[in-house]
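*Asks:* Quick one, fold the following:
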Amino acid sequence: MIYLALAALAVGLALPIAILGAGLGQGRAIAAGLEGMARQPELAGNIQIAMLIGLAFIELLVLLAFVIALQLMNRLPEITAQQAVEMAKSAAQAAGM
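*Replies:* Numbers count the residues shown, from 1 in each chain. Alright, predicted model coming up:
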């Protein structure tokens, strides 16, 4: 039963954490790229290409997290609301509540 709870938690948190991290990473990468272009305009083309490659890798990690979350979600069993309530009651009884 604890496996199901941890798997559901992983599915629920994997994608938001990946998106948050990717958004922060992409923002920092773009800021650094623009700062580099402002300091050395003659290298703007090279900086832009390197920045786009880096952004593609960051986005790839988000897509990978999405695929892993989908795979985890497919492994969760389908339960009804009544079954979920019964499982919660039995867990509370086992914990001595």
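*Asks:* C-alpha only now, for contacts and for neighbours.
*Replies:* OK.
*Asks:* what about I47, distance to G25?
*Replies:* Distance, I47 to G25, by Cα to Cα, to the nearest Å: 16 Å.
*Asks:* Model confidence at M1, what's the number?
*Replies:* Note for M1: predicted pLDDT of 65.
*Asks:* same deal with the one 3 residues further on?
*Replies:* According to the per-residue confidence, L4 scores 76 in pLDDT.
*Asks:* Okay, and it sits in which element?
*Replies:* helix 2-39 (DSSP states H and E).
*Asks:* Look up which helix or strand the closest residue in space to M37 that isn't next to it in sequence falls in, please.
*Replies:* Nearest residue to M37, sequence neighbours excluded (Cα to Cα, 6 or more residues apart in numbering): A44, at 4.9 Å. For A44, the host element (DSSP H and E) is helix 44-75.
*Asks:* and that helix, what other elements does it pack with?
*Replies:* helix 2-39 (3 or more Cα pairs under 8 Å, 6 or more residues apart in numbering; DSSP states H and E).
*Asks:* Helix 44-75 and the helix it packs on, what's the angle between them?
*Replies:* If you take axes from the mean of the first three to the mean of the last three Cα atoms, to 10 degrees, helix 2-39 sits at 170 degrees to helix 44-75.
*Asks:* Report all helices and strands that helix 2-39 contacts.
*Replies:* Looks like helix 2-39 contacts helix 44-75 (3+ Cα pairs under 8 Å, 6+ apart).
*Asks:* pLDDT (mean, whole number) over the helix it packs on?
*Replies:* 90.
*Asks:* so how far is A5 from G12?
*Replies:* 11 Å.
*Asks:* More neighbours: those two, which one.
*Replies:* G12 (14 against 11; other Cα atoms under 10 Å).
*Asks:* Give me the pLDDT for the more buried one.
*Replies:* For G12, pLDDT reads 82.
*Asks:* where's it relative to A65, distance?
*Replies:* According to Cα to Cα, G12 and A65 sit 11 Å apart.
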